[in-house]
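[1] okay, predicted coordinates and the sequence, questions at the end:
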Amino acid sequence: MEIRLILNYNKTRSINVSTLEGNAFEAIIGAIYLDGGYDKVKQSLNNYVFRKYLNFNKLLEEEIDFKSKLFIWCQRKKLNLDFEVIKENHENGQWNYEIKVVINHKEFGKGTGLSKKTAEQEAAKQTLQLIGEI
């Protein structure tokens, strides 16, 4: 099934097409769920989305970032994972962040960086090293 989206670009309102596409996809999945339940959604996604548009082998071979690896590790073990900001400093026109990883209310790795994302990656890497995953 192909869905075509026609937008009227003459209007002054701006539309974020990627958000619109995501919302439409979510609505379709929701409609399938309401009509047929969880198993129908799972079957539809497997048969019409995953098999057609995703290459799982390639995806698994590609390098996953440290934060994603840590999320996957915690999900497998059913552990709660949080990234908490310890410090936010703004000096000389630059922000500097310090973040810690908390797993099941226990502190693990810490990281610093000029963005929260960088600090989270460093904290996740340090945590993966502490738990022996890298």
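    Done, it's in.
[2] residue ranges of the strands in the chain, please?
    For the chain, applying DSSP state E gives strands covering 81-91, 94-103, 106-113.
[3] let me have those in TSV, extended by distance to residue 72.
    Quick note: C-beta positions are derived from backbone N, CA and C, even for glycine. Formatted as TSV, those follow (distance: least, C-beta to C-beta, whole Å):
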stretch	distance to residue 72
strand 81-91	10
strand 94-103	13
strand 106-113	16
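[4] pipe those strands into CSV and attach distance to residue 71, mean pLDDT and mean neighbour count per row.
    CSV is the format used below for these (distance: least, C-beta to C-beta, whole Å; pLDDT from 0 to 100; neighbours: other C-beta atoms under 10 Å):
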stretch, distance to residue 71, mean pLDDT, mean neighbour count
strand 81-91, 6, 94, 12
strand 94-103, 11, 95, 18
strand 106-113, 13, 96, 16
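[5] off-centre distance for stretch 109-124?
    16 Å (C-alpha atoms, centre = their mean, to the nearest Å).
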